[in-house]
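J.: Below are the sequence and a predicted model; questions follow.
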Amino acid sequence: MYRDNTLVPSEAVRLTALGILAEADKHYAELASEVRHFTSRIAGPSLDLVAAPLELLKVEGLVEAVEGDADNALLRITKDGRGELATLMTSNVRAPVNDINKLIIALKMRFLHLLPAEDQRIQIEVMMEMAEREIARLSDLRQHHARGRGHLVAWLDHDIAAAETRLAWFQELLGRLD
């Protein structure tokens, strides 16, 4: 993790794998395929780092082989793996929303149901704060360039509207949990 308790890209892969295994045991090849599919659809193919992080999960005792040969064993998340999943799920999210942060947010939405209700609320509030920081940052930049030429202000208006929509969506989600 970074110092601000946000995830590095390899931890996003780790979160993806542990979340998938928390829902159901998977064979290694199936897990690798699901991780690669999810991460590449959200953040693009640049996160093709799947094999090494998956192997590391076994070495660290976060997953265990239940049956089958070493190349395609049926994997199960361990108690330590569930603890690591909880740690990863309760990480912060950085603004602005870039490809990696989109992946982190998508993973939180994908596996939010695995957390206790209070932790779900906290994570939604973290994402609301992230959207609020993004709106404030972009609004400050817009105000600074309000009299400028070109299309920057229109682009910033577009980004601010997207962040405001994201904030409203998280607020509505929080309301549904209560």
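T.: Nice, thanks for sending it over.

J.: Leu57 - nearest residue in space that isn't next to it in sequence?
T.: Distance criterion CB to CB, 6 or more residues apart in numbering; nearest residue to Leu57, sequence neighbours excluded, is Val63 at 4.6 Å. C-beta: built from backbone N, CA, C; applies to glycine.

J.: you'd agree that neighbour is up against Glu55?
T.: No. The criterion here is CB atoms under 8 Å, and Val63 misses it with Glu55 at 10.0 Å.

J.: With neighbour numbers in mind, choose between those two.
T.: Neighbours per residue (other CB atoms under 10 Å) separate Val63 from Glu55, with Val63 holding more: 26 against 11.

J.: Mind listing what's buried along the helix or strand containing Met130?
T.: Assigned by DSSP states H and E, Met130 belongs to helix 117-144. Buried residues in helix 117-144, counted by 16 or more other CB atoms under 10 Å: 120, 123-124, 126-128, 130-131, 134-135, 138-139, 142.

J.: So which of those residues is the closest to Leu18?
T.: Gln123 (15.6 Å; CB to CB).

J.: Nearest residue to the closest one in space, ignoring adjacent ones along the chain?
T.: Here the residue nearest Gln123, using CB to CB, 6+ apart, is Lys108, at 5.8 Å.

J.: can you list the buried residues of helix 117-144 in JSON lines and add pLDDT?
T.: Formatted as JSON lines, the buried residues of helix 117-144 follow (pLDDT from 0 to 100):
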{"residue": "Gln120", "pLDDT": "95"}
{"residue": "Gln123", "pLDDT": "94"}
{"residue": "Ile124", "pLDDT": "95"}
{"residue": "Val126", "pLDDT": "92"}
{"residue": "Met127", "pLDDT": "91"}
{"residue": "Met128", "pLDDT": "94"}
{"residue": "Met130", "pLDDT": "89"}
{"residue": "Ala131", "pLDDT": "92"}
{"residue": "Glu134", "pLDDT": "89"}
{"residue": "Ile135", "pLDDT": "91"}
{"residue": "Leu138", "pLDDT": "89"}
{"residue": "Ser139", "pLDDT": "92"}
{"residue": "Arg142", "pLDDT": "90"}
